[in-house]
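Following is a predicted model, sequence given first.
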Amino acid sequence: MSDVDSTFDSAWLQNGQGQPPTVQWAFRTDGTLAAFCLARESGEVFLGDESAGIYRLNRRGKVAAVNQLRDSLRLFVCSEDGQWSYAVSGDRQVLRLDRNLQIDWDYETEEDILSLACSPFGHHLLITTASATNILLNERKRKIARFETIKPLHFSNLCGTEPVVIGAAENGLLCCHNLAGAQLWQERVWTNVGSMSVTGSGDIIYLANFGHGVNAYDGDGVSLGAYVLEGTVDRVASSYEPYRLVASTIEQYIYWLNSDGEMLWSSEAPCSVVDVACDPLGEWAIVGLQSGDLLRLGWGV
């Protein structure tokens, strides 16, 4: 069932290749979209715009909570059930937000923050910094681990089923550590990385490798091959099980792929893509555009 503002222009979705999606809902922020994240279990979306507004949208794309902060957010992650979210304000401040988007606590780092990763229930938070120092906090803001990597991790993930951290640098490094910070493995990556997505069990790691497409690795860091797409791929997101992928390019194209990398649909977006997310079962995707439009695109029954 669609729940879309009549002023929203969806014609570009029909002008691509493959089976076009249905716009299940569309939401427009007051300012330029800065960041968003998907709570995969509840289907809710958390987002912030450049006017420092933050929102929680329910599964139908309706505003369920809203708050106005002093500064806009540039990173947003949330628990799978949507009970807790974390965001970066400025360069070095992390905010923990409750379900009503009220600040529970804040945490200041000594170096600029590069990425955040949240555990499924929101009880652990990984912060990676520009100094290659990585900090793991619990829900009470207590530091439970601190470890260094050979390069700063611009992308990170706390695995949903195993107590491990998976991280990637902008170039040269893909690695895995346990929650005490001990390195389990590391692999050399020969291309630049635009984003990273990990399946729920950590069995497959996908890297958006710009001109080299989407590269896949198994849970031990062994290369599984690459999906070559037209354009410069800078965003990728996978379903919980490796059923579907959604990817976007610098050239503003969006791709919907199956687990073999076969293109099921693609189209050129009307403006730059801020980020993409995929639901657990691979039936729909969330696409955030720089214009402030956030869309839920569905291919399910």
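Arrived safely, thanks for sending.

Please count neighbours and contacts with C-alpha atoms only from this point.
Fine.

Can you list the low-confidence ranges for the stretch 201-301 of the chain?
Where the stretch 201-301 of the chain drops to pLDDT under 70, the residues are 301.

If you count contacts, what does the helix or strand residue 117 falls within end up packed against?
Taking DSSP states H and E as the definition, residue 117 sits inside strand 113-118. Counting contacts by 3 or more CA pairs under 8 Å, 6 or more residues apart in numbering; DSSP states H and E, strand 113-118 packs against strand 73-78, strand 85-89, strand 124-129, strand 155-158.

Could you list every helix and strand that the shortest one packs against?
Using 3+ CA pairs under 8 Å, 6+ apart as the contact criterion, the elements in contact with strand 155-158 are strand 113-118, strand 124-129, strand 164-168, strand 195-198.

Okay, now the sheet partners of the shortest one, with direction.
When sheet partners are counted by DSSP bridges, strand 195-198 sits next to strand 204-208 (antiparallel).

Assign a three-state SS to the closest residue in space to residue 18 that isn't next to it in sequence, would you?
Excluding the flanking residues, the one nearest residue 18 by CA to CA, 6 or more residues apart in numbering is residue 265, at 4.2 Å. Classification of residue 265 using DSSP: H, G, I helix; E, B strand; the rest coil returns strand.

picking up where we left off before, of the helices and strands packed on strand 155-158, which approaches residue 177 most closely?
With CA to CA as the criterion, residue 177 lies closest to strand 164-168 of these, at 5.1 Å.

could you check the angle strand 124-129 makes with that closest one?
Counting by axes from the mean of the first three to the mean of the last three CA atoms, to 10 degrees, strand 164-168 lies at 30 degrees to strand 124-129.

and for strand 164-168, what are the contacting residues?
Strand 164-168 is contacted from outside by 153-159, 174-179, 193, 196, using CA atoms under 8 Å, 6 or more residues apart in numbering.

next one: the one helix or strand residue 13 maps to to chain centre, how far?
Residue 13 belongs to helix 11-14 when assigned by DSSP H and E. Distance of helix 11-14 from the chain centroid (CA atoms, centre = their mean, to the nearest Å) equals 24 Å.

likewise stretch 232-243?
9 Å.

With just CA atoms, put it into CSV.
Taking Å, rounded to 0.1, in the frame of the first residue of the first chain, the C-alpha atoms of stretch 232-243 are listed here in CSV:
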residue,chain,number,x,y,z
THR,A,232,31.3,4.6,-9.7
VAL,A,233,29.8,2.6,-6.8
ASP,A,234,30.0,4.5,-3.5
ARG,A,235,27.1,3.0,-1.5
VAL,A,236,26.0,-0.6,-0.9
ALA,A,237,23.5,-2.3,1.5
SER,A,238,22.5,-5.9,1.8
SER,A,239,19.5,-7.8,3.3
TYR,A,240,20.0,-9.7,6.5
GLU,A,241,20.4,-12.9,4.5
PRO,A,242,22.2,-12.5,1.2
TYR,A,243,19.1,-12.3,-0.9
